[in-house]
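1. give me coordinates for this.
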Amino acid sequence: MAGEQPKISKVDVQEVFPTPLWIVDLDPATYRPLNEALRAEIERLLTPRPPIPKGANWQTAQDLHESPKFARLCEVVTMAARGAMRWWGLEEHPLVITGCWANINPPGAHHPRHTHPNNLLSGTYYIQAGPEAAEIVFSDPRPQAHVLMPRPSQFNTRNTNSLSVKVQDGRIVLFPSWLQHHVVSSQSDLERMSIAFNFMIPRYTETLSSPMWKGNVSTRKAE
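-> The predicted structure is shown next:
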């Protein structure tokens, strides 16, 4: 009848195509000695300190995973990455670190929006975040989601076009390598020191790049 409140039998909301972020915080007993050793080695690599323009950052070569000095870090981030693979249902696939490098961001420094091409999983480990450290910001990867954006009563993960993740000492932030991210200008008086890394499935073209489906009829000719 007119004016009568509609009666709903059931409402089912499904959140499809999730974009995962994994935030892993190490125990202080683990990260404090690890960070002390990493900071000392990075300072050694920095000596003599190269000039860093205001607002810019300094990065090492991308081969730190090949150095015994960073073996413990590689063990820790690989453990975190294997957990992410289990969440994805991809735990049967091996992973290798394809790049690992240190970042030194002086006060006021930022890092522009970017991705990590040709990798499956990427992340950052924070050695020295400092108070009021700049957050790492992830952008909505769906271009059509920006076409119409009414202002919500309250922003949340379902209606925002970016997500900021706070950083702190001993924190690992993992994300799909294709996800755009950037770091805004740091307001901290301390340098931000972190190590970024990439993971990929080895021998990808030999093992995974073929189609995931199979036909009913073989086209291969008899020998």
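2. who are the contact partners of residue 59?
-> For residue 59, the contact set (CB atoms under 8 Å, 6 or more residues apart in numbering) comprises 101, 102, 103, 104. Using the backbone N, CA and C atoms, a C-beta is placed for each residue, glycine as well.
3. quickly list what the first one is bridged to.
-> Yep, that's residue 101 we're talking about. residue 196 (DSSP bridges).
4. do I have it right that it meets residue 195?
-> Yes. At 7.0 Å, residue 101 and residue 195 qualify as touching, with contact defined as CB atoms under 8 Å.
5. need the overlap of contacts for these two.
-> residue 64.
6. more neighbours: which of the two?
-> Neighbours per residue (other CB atoms under 10 Å) separate residue 101 from residue 195, with residue 195 holding more: 23 against 16.
7. from residue 163, how far off is the more buried one?
-> For residue 195, the distance to residue 163 equals 22 Å [CB to CB, to the nearest Å].
8. next: residue 47.
-> In terms of CB to CB, residue 47 sits 37 Å off from residue 163.
9. what's the answer for residue 75, then?
-> Taken as CB to CB, the span from residue 75 to residue 163 is 28 Å.
10. more neighbours: the two, which one.
-> residue 163 (17 against 10).
11. wait, that one touches residue 157, no?
-> Yes. Counting by CB under 8 Å, residue 163 touches residue 157, with 6.5 Å between them.
12. joint contacts of the two?
-> By CB under 8 Å, 6+ apart, no residue touches both residue 163 and residue 157.
13. what sits against residue 205?
-> Taking CB under 8 Å, 6+ apart as the definition, residue 205 has no contacts.
14. can I take it that it is in a helix?
-> Yes. Checked against DSSP: H, G, I helix; E, B strand; the rest coil, residue 205 lies within a helix.
15. roughly how far apart are it and residue 28?
-> For residue 205 relative to residue 28 (CB to CB), the value is 42 Å.
16. could you do residue 6 as well?
-> 54 Å.
17. check residue 168 too.
-> Residue 168 sits 11 Å away from residue 28, taking CB to CB as the criterion.
18. and residue 127, its phi and psi?
-> phi -90, psi -50 (degrees, to the nearest 10).
19. that one touches residue 39, doesn't it?
-> Yes. The pair residue 127 / residue 39 is scored as a contact, 5.7 Å apart, by CB under 8 Å.
20. neighbour count: the two, which is higher?
-> residue 127 (24 against 14).
21. check what pLDDT the more buried one gets.
-> On pLDDT, residue 127 comes in at 97.
22. now do the same contact list for it.
-> Contacts of residue 127 by CB under 8 Å, 6+ apart are 35, 38, 39, 42, 169, 193, 194, 195.
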